[in-house]
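Undergrad: Okay, sequence plus prediction incoming.
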Amino acid sequence: MDNAPAVKIYSTSWCAYCGAVKEYLDKLKVPYSEINVEQDQAAMHYIMSKTGSAGVPQIEIGDQVILGFDRARIDQALKDKHLVS
């Protein structure tokens, strides 16, 4: 079984909403990996090709990508993936 977190946050160092998403997931005790798109050009191109947006944060939960700190959509995607109850 793959032990990599099911949640990925595509972020930048200057993005306040990126920090808010990480704090929110930490509070929920949901593991995630963070990909800084300022430092990882391949990741930036990947997420832009997937969503058509260069905005951050972009939260990938399974095969769903959520643009911005949209708490309702994040909560639903986490429930759908059985990452929270």
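TA: Sure, I can see it.
Undergrad: Going by C-alpha atoms from here, please, whenever you check contacts or count neighbours.
TA: Will do.
Undergrad: low-confidence ranges in this protein?
TA: In the predicted model, the chain carries pLDDT under 70 at residues 1-4.
Undergrad: at 80 what do you get?
TA: Across the chain, residues meeting the criterion (pLDDT under 80) sit at 1-5.
Undergrad: Which residue lies nearest the spatial centre of it?
TA: Ile59 (2.2 Å; C-alpha atoms, centre = their mean).
Undergrad: quick one: what helix or strand has it in it?
TA: strand 58-61 (DSSP states H and E).
Undergrad: next one: Tyr24
TA: Using DSSP H and E, Tyr24 falls in helix 16-28.
Undergrad: Then His82?
TA: Short version, using DSSP H and E: His82 is in no helix or strand.
Undergrad: list the contacts for the nearest residue to Ile61 once chain neighbours are set aside?
TA: Nearest residue to Ile61 in three dimensions, chain neighbours excluded: Val7, at 4.7 Å (C-alpha to C-alpha, 6 or more residues apart in numbering). By C-alpha atoms under 8 Å, 6 or more residues apart in numbering, the contact list for Val7 reads 31-33, 59-62.
Undergrad: hmm, back to that, my guess is the residue nearest to the centre of the chain meets Ala6, correct?
TA: No: taking C-alpha atoms under 8 Å as the definition, Ile59 is not a contact partner of Ala6, at 10.3 Å.
Undergrad: thinking again about what came up before, beta partners of the residue nearest to the centre of the chain?
TA: Ile9, Ile66 (DSSP bridges).
Undergrad: Would you mind measuring from it to Phe69?
TA: Separation of Ile59 from Phe69 (C-alpha to C-alpha, to the nearest Å): 8 Å.
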